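Engineer: The following block contains a protein sequence and its predicted model.
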Amino acid sequence: MSALDPAKLAAVISPLRRTLLAAARAAEHLPEIPDAQIEVIRALPRGTSATPGELAVRLGLSRPTVSNLLRAMDTAGLITRTPSDTDRRQVSIAASATALDLFERFDRAGTALVADAAATLPDSDRQALAAALPALERLRDAITAQRLARATDPAPEPEDQR
């Protein structure tokens, strides 16, 4: 058994994700929605909402970046904003019905594309992919945890340079 090559794994995952996204968009005739906006929709499953600050932490993005994403998504009808009953400065964000429909279509198309492509692979490759899923999920969770830890750690104080 060979050792993990992190560069090779990253070099496969990133293009695989982009390829799957492009193929799913084409298969379902989906509009061009930037990946960052798709991640916002993914972070807001049906029946849930979050404040812009919560989304920033969840996605590991700065608040101004999330604010810009939400402004564009609001214009495109991809989110709904609900003002807080107790604090007029706060707003709750939810994915719109349109966004959820597009996301579900994307997921269905992605699932079908992966199933069709996997069916062309040898059984041993399909078994290897199935066996790798739990490890890939743990890898995703570990990367997310590291990103969130870095996002919440205060910046180191600069040393006095006298």
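Structural biologist: It's in.
Engineer: pLDDT below threshold where in the chain?
Structural biologist: In the predicted model, the chain carries pLDDT under 70 at residues 1, 151-162.
Engineer: Grab the longest helix from it for me.
Structural biologist: helix 123-152 (DSSP state H).
Engineer: Which other helices and strands does that helix contact?
Structural biologist: Other elements packing on helix 123-152 under the criterion 3 or more CB pairs under 8 Å, 6 or more residues apart in numbering; DSSP states H and E are helix 52-59, helix 97-119. All C-beta spots, glycine's among them, are computed from the backbone N, C-alpha and C.
Engineer: Which positions in the shortest one come out as buried?
Structural biologist: Put plainly, it is helix 52-59. P52, L55, A56, R58, L59 (16 or more other CB atoms under 10 Å).
Engineer: Residue nearest the middle of this structure, spatially speaking?
Structural biologist: E39 (3.3 Å; CA atoms, centre = their mean).
Engineer: how far out from the middle of the chain is stretch 3-16?
Structural biologist: For stretch 3-16, the separation from the chain centroid amounts to 18 Å (computed by CA atoms, centre = their mean, to the nearest Å).
Engineer: Please identify the buried residues of it?
Structural biologist: Buried, per 16+ other CB under 10 Å, within stretch 3-16: nothing.
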